[in-house]
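Q: just coords:
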């Protein structure tokens, strides 16, 4: 039995949670246009609900902000251009500047997770989930091409201490007390 749980995170009933970075990985991608880039998730903030719990597992709900950072490693010299004087201000503006959707290949390890320990004892693991990479018609201050990524929700795993888990009711657990897997957070 598979259950989908969708809860709207209530920030008014949540507190920020401090965290330590145990491991944040850069991932190198070879692009079909001859360039190479590095991408990395960087956890900026995390919140834990004081009142919302997964009705199946009893785990408190978490929300986090972890944007991806992009670093251009190399590119064909023919891509160099005049620096763009006015940069796009909105995602729609940026979408109008797409020059080419490029295919990409992850170089190196494919199963590296970022690892964070939270001040409440929880361990959060995140992994980048890149959907597409585009080269834009824009150029940075030194003339290099500007790339844009589209990422889905990061893959996430939480290991929550038992003292933070509220035991769900028997009705919420389903038939014969079975518990489906925990839903995604973030």
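A: Sure, I can see it. Note that the structure is predicted; figures quoted are calculated from it, not measured.

Q: who are the neighbours in contact with the spatially most central residue of the chain?
A: Most central in the chain under CA atoms, centre = their mean is residue 154, positioned 3.4 Å from the mean C-alpha point. Applying CB atoms under 8 Å, 6 or more residues apart in numbering, we find residue 154 in contact with 41, 66, 126, 127, 128, 129, 186. From N, CA and C alone the C-beta is placed, and that goes for glycine too.

Q: make it 6 Å
A: Contact partners of residue 154, counting by CB atoms under 6 Å, 6 or more residues apart in numbering, are 41, 66, 126, 129.

Q: pLDDT below threshold where in the protein?
A: 1-6, 169-186 (pLDDT under 70).

Q: What are the boundaries of the helices in it?
A: Using DSSP state H, the helices found in the chain span residues 91-95, 170-173.

Q: buried stuff in the first one?
A: Think helix 91-95. By 16 or more other CB atoms under 10 Å, the buried positions in helix 91-95 come out as residue 94.

Q: Tell me where the protein has strands.
A: 14-16, 19-23, 27-31, 36-41, 45-53, 60-65, 68-74, 98-102, 104-107, 114-118, 123-127, 130-139, 145-151, 155-159 (DSSP state E).

Q: What is the end-to-end distance of stretch 48-68?
A: Using CA to CA, to the nearest Å, the end-to-end distance of stretch 48-68 comes to 22 Å.

Q: Tell me the buried residues in that stretch?
A: 48-49, 52-64, 66, 68.

Q: Centre of the chain to it, how far?
A: Counting by CA atoms, centre = their mean, to the nearest Å, stretch 48-68 is centred 15 Å from the centre of its parent chain.

Q: Then stretch 117-130?
A: Averaging C-alpha positions (CA atoms, centre = their mean) puts stretch 117-130 10 Å from its chain's average.

Q: do stretch 15-33 as well
A: Per CA atoms, centre = their mean, the displacement of stretch 15-33 from the mean C-alpha position of its chain is 8 Å.

Q: just stretch 42-56 next, same as before
A: With CA atoms, centre = their mean, you get 15 Å for stretch 42-56.

Q: Next: stretch 67-86.
A: Relative to its chain's centre, stretch 67-86 lies at 22 Å (CA atoms, centre = their mean).

Q: same question, stretch 83-90
A: Using CA atoms, centre = their mean, the offset of stretch 83-90 from its chain centre is 25 Å.

Q: which outside residues touch it?
A: 94, 97, 138, 139, 141, 143.

Q: So what does residue 140 look like in phi/psi?
A: Dihedral angles of residue 140 (phi, psi; degrees, to the nearest 10) stand at phi -80, psi -180.

Q: show me what contacts it?
A: With contact set as CB under 6 Å, 6+ apart, residue 140 has these partners: residue 146.
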